[in-house]
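**Student:** with the input below, show me the fold.
(3 chains)
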Amino acid sequence: MKLYFKYLSIHFKSQMQYRTSFWLLSIGQFFIPFSIFVGLYFLFERFGQIKGWQFFEVALCFAVIHMAFSLSECFARGFDMFSSLVVKGEFDRLLVRPRSTFVQVLGSKFEFTRVGRLLQSVIVLVWALSNLPIEWSTIKAITLALMIVSGVFIFTGIYMLAATMCFWTVQGLEVASIFTDGGREMAQYPLNIYQKWVARFFTYVIPFGTVNYLPLQYILGKGDGNELIHMLTPVLGSLFILPCFLVWQFGVRHYRSTGS
Amino acid sequence: MIHLEGISKSYKIAKRSSGLRQAAKALFYREHTTINALKDISFSIKQGEIVGYIGPNGAGKSTTIKIMSGILVPDTGKCTIMGYTPWKDRTQYVKNIGVVFGQRSQLWWDVPVIDSFELLKDIYKVPQQEYKSTIDLLIETLELQEIVQSPVRQLSLGQRMRCEIAASLIHNPKIIFLDEPTIGLDAVSKIAVRQFIKTINKEKGVTVILTTHDMNDIEALADRVILIGKGTLLYDGNLEELRKQFGTTKIITADYAKNTDPIQIPGTAALSWTPERIVLSIDTERVKPSEVITHLSNKVELLDVTIETKPIEDIIVQLYKEYQI
Amino acid sequence: MKMYLAVLRLRLNMGMQYRAAALAGVATQFFWGFIIIMVFEAFYEHAAQTPPISLKELIQYIWLQQAFLVFVMMWFRDNELFDLITSGNIAYELCRPSGLYGFWYAKLLAQRLSSALLRCFPILIVAYLLPEPYNLEPPPSIWAFLLFLSALLLGLLLLVAISMFLYISVFITLSPMGSLLVFGVLSEFFAGLVIPVPLMPVWLQKIAYVLPFRWTADFPFRVYSGHIPEQDAIIGILVQLSYLTVLVWMGRKALNGVLKKVVVQGG
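**Tutor:** I've put the predicted structure just below:
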C-alpha cells in the first residue's frame, strides 16, 4: 500500500510537468460527459419520465456510475493501458522485481485528468441529491459510498480481464469497451428500463446493477422486499473483482510459460 | 553460483497472412509454427565471473536471459541460481539480481533521476541506511552528481545508460544481467560503462552476464564467452582460446618501392595490390609471418611492414558462417 | 486521382491487418446501438404527447449512426498529421508534388472510408436480420435510398471539410487537445449524436439547423427512414453542396494562410 502511494506521487510529479495539457484534458473530461448529461436533461424535458423514474433519480444513477468510472480510470489506469506495457515489453521489467505484478501494474499508470469527469459527476450528484426528498440516515450514506466503491471494483475487474487478454492477443481489445464504456453508458439509467436479459446479464454476470439500480431502490424508498439485501448488494458486487484477480494470475502464468 | 542444465524452450508463432482471402480465413483459424528458441543449453558460471553471451539476432540470447531472470519458464531443464529456481521463487529470487535491458528504460521519464532511485528503493525494500551508502557510492563512481536532479528526458543516451545501470544496482544484487548495455552509445560513454562494469565486478564481486553485439565490449570485459546460435550452445570458453582456434589468420601490409611485377607467395592470399603496397591475408598454420616477410624482401625493396591479428569481430563473423547461423 | 486511390488501397490493406480490432469495433457498436434503442424504447413507452419522430424512424437513425460512425465522428482523427504539424516536419509534406489541402483531404477521406467499409456491412446486415421492432428496414422507396446514398456521401465530404479546420487550427494552437475538445463536443452534439436532432428542444433545433454539423449525420439518416420527404431531401442535398463548396474554399484559404506563416517562421 505504501508502495502504491509512492507510485501515485511519482506519477503526479510527472503529470505536473505538463500543466497545460493536464488542464486542457481535464476540461475535456468535464465536458464530454457534460454533453451527455445535457442530452439526458433534454430527453426528460420532452418525455417527463422513463418507466416511472424521474429526472433527478436518473441523474443520481448517472452521477454514481460516472463517479465510479472516473475513479477507476484514474487509479486503475495501469490495467486499462496494459496492452502498451506488453507491446513495449515493459512487463518483463515488472517480473524482475520482488513485488506482486498487481501492485506494479496498478502503479504503472494513473490518469489524473479524470478529475474533470469526477467533478462533473459530483456536481450532478449534489444537484440530484438536493432535489430528491430522501430521508437520510447513516446507513443510507454508507450505502451510497459503497455503491461508488462497488463500481470502482467492477470497472477495475473488467480492466483486469481485458489486460489478461493481452497475454494472448492485443488485437480486438476494443471488445472490453462494451463492458467499460458500454457498462457506464447503460448504467446511467436504472437497469429495469432495459430488456430482461440485459438487466439479468448486468446483474448476475457483470454486476453493474449493484452499483446503482438495486441499492438506489433502498435509498429512494422504492424498494419492494428486503431492504437489507438491497443495501448490501454493492458489497456483493464488489466481489466481482475476486475471480478477475484469479484470471489475471492465470494470465501471468501463461505469459511466463510462452513469453509471447 | 549459476547452473543451467538441459534448458529447452520453444514458442508457437501464428503465421501472418497477407491478402484479403487469407486474412478473412485467419479470422477463424490460424496456422502455427513452432520455433525452438533454445535446445538443451547447459553451462555453469562461478561467482565473480564476467561472461559475454553472444550470438546473432534471434539466436536465443534474450530467451536465456529471461529464463535466468525468472521471467520465463523453460519447457524442460534445470536451472539453479544461488540455490533458487528463478521461475519458481520469483519474488524471493529477483531480490538478488539486477537486470538492465539496454533498449528499455526503467527510469521515470519526467521526474528527476533521484526520484526514480527512491521509488526503486521502496520496491526492493532497501533499508534507508543501506540505500544511502549504496547510492552515494554509485553517484560517485558513475559520476552522476550533475545529473541526478534532472529529469530523464533531458539526459543524453550515455548519461541515461549510466543511470540505468545505477538503478539496477540499488538493491546490491549479487548477479547482474546486462542486455546490450552499450547499444547506441558514443565511444566515450561506451568506455565509461565498461569501466564501471569492471569496477563493480572487482570491488563487489558481482557476477556479470552481458549480451552484446559489440565485440569490443567482450574484448574489454569478458574473460569468458558463450556463443549461441539457433538455440544451441556452440562455444564456451575463454577469449584467447577462441582466438587461437579460429584466429589463425593474420594480415600483413607491406609498402615497398615501386614494383610492377605481381607478387605471389604460397600460403597467402592478396587482399589488395598496387605497385606500392600489398595487403596479404596469411594462414599461420601453413606459413609463418617471418617466412612471408623474407619472401617479400627478396622480391621487392620493403619500406614498411605491419602485421595485424584478425579482429575478434571477423572471428565471430567467421564462426557464424562456419556454424551456418 | 490515381494517387488518392493508392492512398485508399493502402489504408484498406492496413485496416485488414487489424481485422480483429475491426470485428471488436463492430461488436461494440452493435451493443451500443442496442442500449440506445432500449433507452428510447423506455422513454417512448409512456410518452405524454406523440414525439416528433416515430420509434421506428429513430431505430433506423440509430443503426445507421452506428454503422457509419466513422463517417460522422469528429474524434476519429489522424495523429500522424497532428505530429507533423506540431513537430515542424510539415516541411516534408510541402515537398510533395500536390496541393497540401487536396492531399490531406484525400488522406482523411480514405481513412474514414476504409474504416467504414470494414465496419458498416456487418452492422447493417445483422441489423436487418434483427427481430421486429429492432430491425433496420429497407428505405421506403428506391428514390429515398438513392437520395440517402448521395446525402451520406456528401455528408462525409462535408465532415472531412469540417475536420480540415481542426488540423488547420492546430497550426495556431500547436496542441491538438483544445481544438479537438471544442470541435468534438460541439460537432457531435449538433450533429445529433448525443440525442437525435428532432428530439432536441425547439430552440436548440433552430441552432442545429443553422450549423453545418447536422448535415453530416442527422440529415442523411432521416432521409433514409423517410422522416425527411424526398422533395425536402433534394433541397437538403443542394444545401449540403453549397456548404461543401464554401467550406472547402474557406479551408483552402485558411490553410494557405497558416502555411505562409510557417514558411516565414522557417519552421
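**Student:** I'd assumed C:Val39 was in contact with A:Val198.
**Tutor:** No. A:Val198 lies out of contact with C:Val39 (Cβ atoms under 8 Å); the separation is 10.9 Å. (C-beta placed from N, C-alpha, C; glycine too.)
**Student:** quick one, which of the two is more surrounded?
**Tutor:** The neighbour count for A:Val198 versus C:Val39, taken as other Cβ atoms under 10 Å in any protein chain shown, is higher for C:Val39 (20 against 16).
**Student:** which residues touch the more buried one?
**Tutor:** With contacts defined as Cβ atoms under 8 Å, 6 or more residues apart in numbering or on different chains, C:Val39 is in contact with A:50, A:189, A:193.
**Student:** ok, and the closest non-adjacent residue to whichever residue of the stretch 101-250 of chain A sits closest to chain B?
**Tutor:** Across the stretch 101-250 of chain A, the shortest distance to chain B (Cβ to the nearest Cβ) belongs to A:Gln104, at 7.8 Å. Spatial nearest neighbour of A:Gln104, excluding adjacent residues (Cβ to Cβ, 6 or more residues apart in numbering or on different chains): A:Leu94 at 4.4 Å.
**Student:** these two touch, right, the one you found and A:Val105?
**Tutor:** Yes. With contact defined as Cβ under 8 Å, A:Leu94 counts as touching A:Val105 (6.8 Å).
**Student:** list the contacts for the residue nearest to A:Ile193 when sequence neighbours are not counted?
**Tutor:** Closest residue in space to A:Ile193, ignoring its immediate chain neighbours: C:Ala42 at 3.7 Å, by Cβ to Cβ, 6+ apart. When contacts are counted by Cβ under 8 Å, 6+ apart, C:Ala42 touches A:50-51, A:189, A:193-194.
**Student:** tell me which helix or strand C:Ala42 sits in.
**Tutor:** Per DSSP states H and E, C:Ala42 falls inside helix C:19-45.
**Student:** can you check B:Ile228 too?
**Tutor:** Element membership of B:Ile228, judged by DSSP H and E, is strand B:224-229.
**Student:** what is that strand packed up against?
**Tutor:** strand B:50-54, strand B:232-238, helix B:239-246, helix B:312-322 (3 or more Cβ pairs under 8 Å, 6 or more residues apart in numbering or on different chains; DSSP states H and E).
**Student:** tell me the most buried of the ones you listed?
**Tutor:** Across those, averaging neighbours per residue (mean count of other Cβ atoms under 10 Å in any protein chain shown) puts strand B:50-54 on top, at a mean of 24.
**Student:** show me the contacts for residue 210.
**Tutor:** By default, I'm working from chain A. Here A:Thr210 is in contact with A:147, A:150, A:154, A:203, A:233-234, A:236-237 (criterion: Cβ under 8 Å, 6+ apart).
**Student:** if you could check chain B rather than the one you did, that'd help
**Tutor:** Applying Cβ under 8 Å, 6+ apart, the residues contacting B:Leu210 are B:50-53, B:177-179, B:181, B:197, B:217, B:221-222.
**Student:** which SSE is residue 123 in?
**Tutor:** Picking chain A for this. Assigned by DSSP H and E, A:Ile123 falls in helix A:115-130.
**Student:** wrong one, I was asking about chain C
**Tutor:** Going by DSSP H and E, C:Ile123 is in helix C:100-129.
**Student:** the residue of the stretch 51-200 of chain B found nearest chain A: neighbour count?
**Tutor:** Closest to chain A within the stretch 51-200 of chain B is B:Asp110: 3.8 Å, counting by Cβ to the nearest Cβ. Using other Cβ under 10 Å, the number of residues around B:Asp110 comes to 18.
**Student:** one more: the one 5 residues further on?
**Tutor:** Counted by other Cβ under 10 Å, the residues lying close to B:Asp115 total 21.
**Student:** tell me which element it is part of?
**Tutor:** helix B:113-123.
**Student:** other SSEs contacting whichever helix or strand comes after that helix?
**Tutor:** Downstream of helix B:113-123, the next assigned helix or strand under DSSP H and E is helix B:128-141. Helices and strands touching helix B:128-141, by 3+ Cβ pairs under 8 Å, 6+ apart, are helix B:113-123, helix B:157-167, helix B:187-204.
**Student:** can you give me the buried ones in stretch A:15-32?
**Tutor:** A:15, A:22, A:24-32 (16 or more other Cβ atoms under 10 Å in any protein chain shown).
**Student:** tell me, which of the residues you listed make contact with chain B?
**Tutor:** With Cβ under 8 Å from any Cβ of the partner chain as the criterion, these include A:Gln15 near chain B.
**Student:** now the buried residues of stretch A:15-32 in a markdown table, with pLDDT, secondary structure and distance to C:Gly155?
**Tutor:** Putting the buried residues of stretch A:15-32 into a markdown table (pLDDT from 0 to 100; DSSP: H, G, I helix; E, B strand; the rest coil; distance: Cβ to Cβ, whole Å) gives the following:
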| residue | pLDDT | secondary structure | distance to C:Gly155 |
| --- | --- | --- | --- |
| A:Gln15 | 85 | helix | 39 |
| A:Phe22 | 86 | helix | 35 |
| A:Leu24 | 85 | helix | 29 |
| A:Leu25 | 85 | helix | 29 |
| A:Ser26 | 90 | helix | 32 |
| A:Ile27 | 89 | helix | 29 |
| A:Gly28 | 86 | helix | 25 |
| A:Gln29 | 88 | helix | 29 |
| A:Phe30 | 92 | helix | 29 |
| A:Phe31 | 89 | helix | 24 |
| A:Ile32 | 88 | helix | 23 |
